[in-house]
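Engineer: Dropping a prediction and its sequence here:
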4 protein chains.
Amino acid sequence: MSNSLRAAIIGATGYGGAELIRLLQAHPYVTITSVVSTSNAGAPLAESFPHLNQIFVGILDELDVDLIAGKADLVFLATPAGVSAELSMKLLAAGLKVIDISGDLRLKSAEAYENWYKKPAAPAEALERAVYGLSEVFGDEVKGMDLISNPGCYPTATLLGLIPAVQAGWIDPSTIIIDAKSGVSGAGRGLGLGAHYAEVNENFSAYKVNKHQHIPEIEQALSRIAGKDIVTTFTTHLVPMTRGIMTTMYATIIGEHTEAEFIEMYRQYYEGRKFVRIRSNGKMPATKEVLGSNYCDIGFAVDERTGRLTICSVIDNVVKGAAGQAIQNLNLMMGWEETTGLLFSPVYP
Amino acid sequence: MSNSLRAAIIGATGYGGAELIRLLQAHPYVTITSVVSTSNAGAPLAESFPHLNQIFVGILDELDVDLIAGKADLVFLATPAGVSAELSMKLLAAGLKVIDISGDLRLKSAEAYENWYKKPAAPAEALERAVYGLSEVFGDEVKGMDLISNPGCYPTATLLGLIPAVQAGWIDPSTIIIDAKSGVSGAGRGLGLGAHYAEVNENFSAYKVNKHQHIPEIEQALSRIAGKDIVTTFTTHLVPMTRGIMTTMYATIIGEHTEAEFIEMYRQYYEGRKFVRIRSNGKMPATKEVLGSNYCDIGFAVDERTGRLTICSVIDNVVKGAAGQAIQNLNLMMGWEETTGLLFSPVYP
Amino acid sequence: MSNSLRAAIIGATGYGGAELIRLLQAHPYVTITSVVSTSNAGAPLAESFPHLNQIFVGILDELDVDLIAGKADLVFLATPAGVSAELSMKLLAAGLKVIDISGDLRLKSAEAYENWYKKPAAPAEALERAVYGLSEVFGDEVKGMDLISNPGCYPTATLLGLIPAVQAGWIDPSTIIIDAKSGVSGAGRGLGLGAHYAEVNENFSAYKVNKHQHIPEIEQALSRIAGKDIVTTFTTHLVPMTRGIMTTMYATIIGEHTEAEFIEMYRQYYEGRKFVRIRSNGKMPATKEVLGSNYCDIGFAVDERTGRLTICSVIDNVVKGAAGQAIQNLNLMMGWEETTGLLFSPVYP
Amino acid sequence: MSNSLRAAIIGATGYGGAELIRLLQAHPYVTITSVVSTSNAGAPLAESFPHLNQIFVGILDELDVDLIAGKADLVFLATPAGVSAELSMKLLAAGLKVIDISGDLRLKSAEAYENWYKKPAAPAEALERAVYGLSEVFGDEVKGMDLISNPGCYPTATLLGLIPAVQAGWIDPSTIIIDAKSGVSGAGRGLGLGAHYAEVNENFSAYKVNKHQHIPEIEQALSRIAGKDIVTTFTTHLVPMTRGIMTTMYATIIGEHTEAEFIEMYRQYYEGRKFVRIRSNGKMPATKEVLGSNYCDIGFAVDERTGRLTICSVIDNVVKGAAGQAIQNLNLMMGWEETTGLLFSPVYP
């Protein structure tokens, strides 16, 4: 277990890349030795992100696997869908460890990937080799591996909120409905009318209803936990804010379980995992209560009138939903304490 | 059918009152002859609302039923819960017509009111006499009446979105789940940490889960349509924006019905009702697309994988969810064309 | 003086175009007979702007001067800089009246245009013929003319706030400093990182300091009023909101004048002009107090310690700063009452 | 020089208090041993601030000087104006060091305090003893002292932006105009219509024009630097965002100095001070580029047409404008490296 690692970030001019830089600046064991951008190579990173002036003084590298392999031990892929599929294998071949933040390696089924992402799937070898790093659930599988597929933002909030109840058999998985809401940073830094300020501000909208590419990722994990195929109803909405995801989840309770019992059961499930906080006070968590941090906060309401459970799960999509969990996976991979470099407080207000 | 009406507004220093003034300024048949505030009587209204400078020059009156009866033919009650319960009967006794925007007269069951509102219910006579003015559904019952209870903001969006499907028997009412989101103006102008800028901005939160006082109002109407008792799961969320409500609703489809069939059926249901717009393009409506207007826009998604229908319904909570629908009810009461004074476009962007 | 006019809108898929449609829907004398877009011709306008579903059912026309001349009497040019320069002359030649909302015809000096806009100037004939329609100041010159250049958003707020004091000789024009702030809609619907939600939200920034193309427009009008060349310091800032401009203006007072005297002098200057509201209560106006409306609200503070006057002037940039003032100019051109179709209240909150 | 300090925070349920807790959690030498609230004593702090659940588990103490003296070495006073005036002397008498974040001890003149704050001034002894901790300018005076008055948010941004130019004699101090803009968190957690979401959102307003209590603080420091009395014009505006201040400052340049010369001169002035970043790329800084961090970013524009300099200075009002600079002062007091615990990156986007 080395306490010193050289990391490269590919896709450093996107929001995921910028957040990796912010967080890794505070990580005691990691040095960023290369930041890569296909579009701005040769320019200082701080030209793209002035908030990093005098904090990160590096120049953007070309995407050149050999160059990266000469500088780094591990690569974070903060790239759009479709890029990691092939790139990850080349990086592994060059002896690098890889943590992929994109969706390319999350689905074990190439067919499902192609159906939902409308792109060619990654090579079978990559899909097989990639370990799905939902840290608090499958973290044990990450240790010592060299290719980690970091979970999507919606799946992270959703799965951490649902898995204990599904595993316990306390809810009927066929009744699960997930109503998800995200801040606009989830759409990335690429321009589009859907992220144009005057269109999004003072507006609340639904998008990709029943068609979001995170649906098969959620169902794959829930099915694995339940031991049978699960399909869910999943709706995504855009909230006029920058960071934050809430998934509000509904399911019919099996048997009799009080709110207090759910809380207790979840606390046991997440015992020792600092980044999941189960609310006890009957108040649901709010996205701002995790902003800028790696926490996932979860609250419960049992409705005796309808026999349904309502779960609210919140994360910062850029941290726990991307860069933060990627570093958490790095810690698990390397055998470091899971929380290394990540124990900072949310920014409030 | 007179084409000239003198209106008083009680609660003119709240947001519902201000919006009534904005909208009635453009109504061809109505003159506002009294604006009433218990707290600021004697001061110009424009001191409370500088945007009305030189637009509405009236002085705030005391709350004095005789005074109002001498000046007006009809009263809008834009008051907090608990006020209309008694006041409405006094106003009626003084010969005034009343349109109540508060929740006091919406529930026919005094017991339900007291359970959900935690206040004493209105007199039985008032509850009986009040007509529930969900214009597009129960509008026929409004004509010629003198006590109208204006629907709540969440119930308006919810019921307009659900009733055609429930009435047609195309969805299973026992499976209805309503995930509701509202802008902050719904909380009114009264101060509270829950509407404090730094707490709400860049934040998305859930509140009153399974406990919102609009639940029995929704269930009362749905049960009436279905001809049997219906209970629903209803969650309310706060969106960092000022105006707008979206309710995302889920239910299991009974039989086989395509998206196109739902759209066609809803269009027939709302035939001739200008303020309900059914989307056809596979895109869900966004709250900004109705901002400042009396429209309710509704979209559908049928998920063949799960057999569920997803409905998104959006309104401006201050207009269709309060002042606008109140004026629509006024039009219906008076036998005027339903759209009189209300046919203005949403404000976009 | 006809009371019936057929209007075309070129650039109907931008925000200025959409606002013209919203406002003209409520104008008693105008019918929109053509909406033109070079990019989306043939498609329903409501595909670009779903909020206009069932409100405006027209199909977008090609940009064809003869076609427009056959359908319309007057054209609003809601086009980006550089388009009107030539187009306006063609439209005039085809017998159409023209109101140009772009900046192409505002500067009388072709050299100044080319310096500040970095584009070729319009033909001298067009620059000469165009009347600068700052309604409350130069409105008399608009009557009966056929080519109106509608003022820019910043100049409108700035000039209405400064001109009475400059004309009265109560402030020293060489000391004028204008600190301007605008909502993001001023940047239009075109995509750019500067209007990307995650970049702009929760952010306040300055841009084009001393370089904004509205500087020569402001100086041209002030110089005309003062009868000598005036240069000003002008800074523009971007506010995380959609609509609204405030210009905060500073100048050294000449002689002794109290706040009350400034207020009285401005009220006399704007006597009878309904869209300028001078605040009397010692409180400065806020942008939201004019949102969605054609008002310009102005407030004053005299600082005896420094001998300086501070003026705050607010408008809705899309209304008084663009579409609303264009319609006001239409009214003046046609000899109609200036306020026709424009007397609606701001939307608050 | 001890590397271990026990700190108490009085006013822990306000935003300044919460931010101190967030930042001190990451400080290597400080342990928070008491959090004090007069209103919520006895309750867990995390009830007031759920984002601190499981991060800070302390219970709120009563305000009891002896109790605090028994637990802590130093007290941060994050209290409203009027509280520190007396309290600070009692805390000093009990042997505690004090860093006061309120405005009570900033003005050396009791008369000025009473004129601008409309409250009784602190005892002369306290005013004399308090060291004004504008770290990058007067930081040398802080070392080893026991009563530090932390600068106000507006003064911090303003003074760091102006002092080098004033000290160099490159601008005429009698021409200084400061146009300041702040996010809403500056108003604190106390309720008021001025911080009510629906009033502030999508709104830009000016307030306390020429009357803000930070004016004498700014003038006191500038006068000290200039060696003569300076009065300034200072306007404050409210921006619809939570965190961030920009001050845009104008002054007439004395002599001939280019933008590049100003940049170079400021860089020399702030040599070795990591928290002031001078922009070189002709782009002004934006508030979001320092959000959540202790940086102050400053940019310049020289206008040859008017001979004026425009300076933009941005800070996070809760960090560099309050809690962050307080910790910076703590570091200076204690002889620790100025940046200890404060070298984290801004949160972007």
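Structural biologist: That came through fine. Numbering: from 1, shown residues only, chains lettered A, B, ... in the order given.

Engineer: Please count neighbours and contacts with C-alpha atoms only from this point.
Structural biologist: Fine.

Engineer: those strands in the stretch 101-250 of chain A, which residues are they?
Structural biologist: If DSSP state E, counting those that start in this stretch is used as the criterion, the strands of the stretch 101-250 of chain A fall at A:131-132, A:147-149, A:177-182, A:205-207, A:233-238, A:245-252.

Engineer: does chain C sit close to the last one?
Structural biologist: Just to be clear, that refers to strand A:245-252. No - counting by Cα under 8 Å from any Cα of the partner chain, no contacts exist between strand A:245-252 and chain C, the nearest distance being 14.5 Å.

Engineer: Near chain D, which residues of the stretch 51-200 of chain A are found?
Structural biologist: Within the stretch 51-200 of chain A, the positions near chain D by Cα under 8 Å from any Cα are A:51-55, A:185.

Engineer: farthest pair in those residues?
Structural biologist: Using Cα to Cα, the pair of these lying farthest apart is A:54 and A:185, separated by 24.3 Å.

Engineer: out of these two, which sits in the more crowded spot?
Structural biologist: More neighbours surround residue A:185 than the other of residue A:54 and residue A:185, with 23 against 13 (other Cα atoms under 10 Å in any protein chain shown).

Engineer: That one: what's it in contact with?
Structural biologist: By Cα atoms under 8 Å, 6 or more residues apart in numbering or on different chains, residue A:185 lies in contact with A:15, A:242-243, A:317-318, C:197-198, D:349.

Engineer: Serialize the strands of the stretch 101-250 of chain A to JSON lines and add fields for mean neighbour count and mean pLDDT.
Structural biologist: Shown next, in JSON lines, are the strands of the stretch 101-250 of chain A (neighbours: other Cα atoms under 10 Å in any protein chain shown; pLDDT from 0 to 100):
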{"stretch": "strand A:131-132", "mean neighbour count": "24", "mean pLDDT": "98"}
{"stretch": "strand A:147-149", "mean neighbour count": "27", "mean pLDDT": "98"}
{"stretch": "strand A:177-182", "mean neighbour count": "25", "mean pLDDT": "98"}
{"stretch": "strand A:205-207", "mean neighbour count": "20", "mean pLDDT": "98"}
{"stretch": "strand A:233-238", "mean neighbour count": "23", "mean pLDDT": "98"}
{"stretch": "strand A:245-252", "mean neighbour count": "27", "mean pLDDT": "98"}
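
Engineer: contacts with chain B among the contacts of residue A:185, please.
Structural biologist: A:242-243.

Engineer: Three-state assignment for residue A:310, please.
Structural biologist: Taken by DSSP: H, G, I helix; E, B strand; the rest coil, the conformation at residue A:310 corresponds to strand.

Engineer: How many residues are close by residue A:67?
Structural biologist: Per other Cα under 10 Å, the neighbour tally for residue A:67 reads 12.

Engineer: Check the gap between it and residue A:102 for me.
Structural biologist: 22 Å (Cα to Cα, to the nearest Å).

Engineer: before we move on, the earlier item: just the residues of the stretch 51-200 of chain A next to chain D now: which is nearest residue D:238?
Structural biologist: Nearest to residue D:238 among these, with distances taken as Cα to Cα, is residue A:51, at 22.9 Å.

Engineer: I'd assumed residue D:290 was in contact with that closest one.
Structural biologist: Yes - between residue A:51 and residue D:290 there is a contact at 6.3 Å, judged by Cα atoms under 8 Å.

Engineer: that older thread, can you redo the strands of the stretch 101-250 of chain A as TSV with distance to residue C:280?
Structural biologist: Shown next, in TSV, are the strands of the stretch 101-250 of chain A (distance: least, Cα to Cα, whole Å):
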stretch	distance to residue C:280
strand A:131-132	65
strand A:147-149	63
strand A:177-182	44
strand A:205-207	41
strand A:233-238	42
strand A:245-252	45
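
Engineer: so what sits against both of residue A:51 and residue D:290?
Structural biologist: Here residue A:51 and residue D:290 share the contacting residues residue D:346, scored by Cα under 8 Å, 6+ apart.

Engineer: and residue A:26, what does it touch?
Structural biologist: So residue A:26 contacts A:341, D:344 (Cα under 8 Å, 6+ apart).

Engineer: Doesn't it lie inside a helix?
Structural biologist: No - counting by three-state DSSP, residue A:26 falls outside a helix, being coil.

Engineer: Pop out the phi and psi values for it.
Structural biologist: Torsion angles at residue A:26 (phi, psi; degrees, to the nearest 10) stand at phi -100, psi 10.

Engineer: likewise the one 4 residues further on?
Structural biologist: Backbone torsions for residue A:30, taken as degrees, to the nearest 10, come to phi -120, psi 140.

Engineer: Leaving out the residues flanking it, which one is nearest to it?
Structural biologist: Nearest residue to residue A:30 in three dimensions, chain neighbours excluded: residue A:5, at 4.8 Å (Cα to Cα, 6 or more residues apart in numbering or on different chains).

Engineer: check contacts around the one you found.
Structural biologist: Shown in contact with residue A:5 (Cα under 8 Å, 6+ apart): A:29-31, A:72-74.

Engineer: For the residues you listed, please prepare JSON lines with the additional fields neighbour count.
Structural biologist: Output for the contacts of residue A:5, formatted as JSON lines (neighbours: other Cα atoms under 10 Å in any protein chain shown):
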{"residue": "A:29", "neighbour count": "16"}
{"residue": "A:30", "neighbour count": "18"}
{"residue": "A:31", "neighbour count": "17"}
{"residue": "A:72", "neighbour count": "20"}
{"residue": "A:73", "neighbour count": "18"}
{"residue": "A:74", "neighbour count": "26"}
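
Engineer: ok, which residues in the stretch 201-349 of chain A are in contact with chain D?
Structural biologist: So the stretch 201-349 of chain A meets chain D at A:242-243, A:277, A:288-290, A:292, A:344-349 (Cα under 8 Å from any Cα).

Engineer: How many residues are close by residue A:305?
Structural biologist: Counted with other Cα under 10 Å, residues neighbouring residue A:305 total 10.

Engineer: three-state assignment of it?
Structural biologist: The local conformation at residue A:305, judged by three-state DSSP, is coil.

Engineer: these two touch, right, it and residue B:231?
Structural biologist: Yes - with contact defined as Cα under 8 Å, residue A:305 and residue B:231 form a contacting pair (7.2 Å).

Engineer: give the contact list for residue A:194.
Structural biologist: residue A:200 are the contacts of residue A:194 under Cα under 8 Å, 6+ apart.

Engineer: And for residue A:61?
Structural biologist: Residue A:61 sits in contact with A:34-38, A:41-42, where contact means Cα under 8 Å, 6+ apart.

Engineer: Dump those residues to JSON lines, plus distance to residue C:227, secondary structure and neighbour count.
Structural biologist: Converted to JSON lines, the contacts of residue A:61 look like this (distance: Cα to Cα, whole Å; DSSP: H, G, I helix; E, B strand; the rest coil; neighbours: other Cα atoms under 10 Å in any protein chain shown):
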{"residue": "A:34", "distance to residue C:227": "61", "secondary structure": "strand", "neighbour count": "24"}
{"residue": "A:35", "distance to residue C:227": "58", "secondary structure": "strand", "neighbour count": "27"}
{"residue": "A:36", "distance to residue C:227": "58", "secondary structure": "strand", "neighbour count": "25"}
{"residue": "A:37", "distance to residue C:227": "55", "secondary structure": "coil", "neighbour count": "23"}
{"residue": "A:38", "distance to residue C:227": "56", "secondary structure": "coil", "neighbour count": "15"}
{"residue": "A:41", "distance to residue C:227": "54", "secondary structure": "coil", "neighbour count": "15"}
{"residue": "A:42", "distance to residue C:227": "53", "secondary structure": "coil", "neighbour count": "14"}
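
Engineer: Thanks a lot, catch you later.
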